[in-house]
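K.L.:
Just to be clear, the model below is a prediction. Sequence and coordinates:
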Amino acid sequence: MAKSLKPKSLCKLSRHEIEEHFADLARLTHSSQYLCTKCARSAQDKKWLCKPQKAR
Ligand SMILES: [Zn+2]
């Protein structure tokens with residue numbers, strides 16, 4: 001069974017973990033409102049990112 005994602009972890013995911021959590025990531029990012037200003041990753045909620053900034 002896949003482990004669940006942790007807060008602030010989107011920025012730290014390895015390619016392997018991205019594949020493992022792909023369905024969750026699709027759900028968390030498809031209506032993204034925050035961008036990470038350090039990593040350029042995005043998420044629906046700022047809790048997933050290390051340096052979140054509201055994008056819209
Ligand atoms: Zn980040």
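P.N.:
Everything's here; your move. Residues are numbered from 1 along each chain as shown.

K.L.:
and the protein, which residues reach the ion?
P.N.:
Counting by C-beta under 5 Å from the ion, the residues of the chain close to the ion are Cys11, Cys36, Lys38, Cys39, Leu49, Cys50. All C-beta atoms are positioned from the backbone trio N, CA, C, and that covers glycine.

K.L.:
where exactly do the helices run in this structure?
P.N.:
Counting by DSSP state H, the chain has these helices, from start to end: 15-20, 22-29.

K.L.:
for those, which one ends up most surrounded?
P.N.:
helix 22-29 (a mean of 13; mean count of other C-beta atoms under 10 Å).

K.L.:
So which elements touch that one?
P.N.:
strand 42-43 (3 or more C-beta pairs under 8 Å, 6 or more residues apart in numbering; DSSP states H and E).

K.L.:
Quickly run through the sheet partners of the strand it packs on, with directions.
P.N.:
strand 34-36 (antiparallel) (DSSP bridges).

K.L.:
got a list of contacts for the strand it pairs with?
P.N.:
10-11, 41-46, 48-55 (C-beta atoms under 8 Å, 6 or more residues apart in numbering).

K.L.:
Could you do stretch 43-56 as well?
P.N.:
Residues outside stretch 43-56 that contact it (C-beta under 8 Å, 6+ apart): 5, 7-12, 28-39, 41-42.

K.L.:
I appreciate the help and will end here.
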